[in-house]
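# take this sequence and fold it.
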Amino acid sequence: MSVDFPPDNISPTDLARISVESFVRDHVVIEPPRNPQGILAGRAGAFVTLRMRDGDLRGCIGTILPLKPTVAAEIIENAIGAACRDHRFSRVLPEELVDIVYGVDVLSAPEPVSGPEELDPLRFGIIISSVDGFRRGVLLPGISGIQTVEQQWQAVHSKAGISIGEKVLIQRFTVTRFGKD
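Sure, this is the predicted structure:
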């Protein structure tokens, strides 16, 4: 049986869509493009977000740092994860595929910051980690409903299960965003 590879110049969102459709319909993990172009050829963390056409979140999985050889391979893995392994949701069903809107965020390398005054929730994503390293929270930039540093700070602490006053390690990152957020 021959393997069909996605086109080398495929967009990140189309790669996410094809990955999810192939896995949900046929339980097949597609191969990355043979010679990925542009951002897909690099190495970086990537998040894939699935939303229903009405805007409701349906799944979001990602990596902060690259675990795969290319961004294309990160997208394939995380798209399937968003559809099938996000513990907040049931697995995506074949009949839902037509109503899913795909978003892909490719992350810059995280950089340490000394405090919330160096954050901007519209420009920077945030990672906080407990000093012992056992708890961590990540928020992408530009999340609907999070307009201020205070809102971002509270949301990431809640996500990490870390009290606001607890000492944390803080990092920020930017994203290159494709598709709908």
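
# contacts and neighbour counts: CA atoms only from here.
Fine.

# roughly how far apart are residue 110 and residue 44?
10 Å (Cα to Cα, to the nearest Å).

# which neighbours do these two share?
Residues within reach of residue 110 and of residue 44 at once, by Cα atoms under 8 Å, 6 or more residues apart in numbering, are residue 64.

# need the contact list for the residue lying closest to residue 30 once chain neighbours are set aside.
Closest residue to residue 30 apart from its sequence neighbours, by Cα to Cα, 6 or more residues apart in numbering: residue 19 at 6.1 Å. Contact analysis of residue 19 by Cα under 8 Å, 6+ apart lists 29, 30, 76, 79, 80.

# in helices, which of those residues fall?
76, 79, 80 (DSSP state H).

# name the member of those with the most neighbours.
Neighbour count (other Cα atoms under 10 Å) singles out residue 79 as the most crowded of the ones in helices among the contacts of residue 19, with 33 neighbours.

# what sits against it?
16, 17, 19, 20, 48, 49, 61.

# nearest to residue 105, out of those: which one, please.
residue 48 (6.5 Å; Cα to Cα).

# in stretch 38-51, what's buried?
The neighbour-count check on stretch 38-51 (16 or more other Cα atoms under 10 Å) flags 40, 41, 43, 44, 45, 46, 47, 48, 49, 50, 51 as buried.

# swap that for stretch 127-139, sorry
For stretch 127-139, using 16+ other Cα under 10 Å, the buried residues are 127, 128, 129, 130, 136, 137, 138, 139.

# which non-adjacent residue is nearest the residue most central in space within the chain?
By Cα atoms, centre = their mean, the chain has its centre lying nearest to residue 47, at 1.4 Å. Distances taken as Cα to Cα, 6+ apart put residue 62 closest to residue 47, at 3.8 Å, once the chain neighbours are dropped.

# so for residue 121, what's the nearest residue that isn't a sequence neighbour?
Per Cα to Cα, 6+ apart, closest to residue 121 is residue 141, 5.3 Å.

# what separation is there between that neighbour and residue 86?
Residue 141 sits 20 Å away from residue 86, going by Cα to Cα.

# the more surrounded of these two?
Per other Cα under 10 Å, whichever of residue 141 and residue 86 has more neighbours is residue 141, with 23 against 16.

# so the more buried one sits against residue 124, correct?
Yes. Using Cα atoms under 8 Å, residue 141 is in contact with residue 124, at 5.1 Å.
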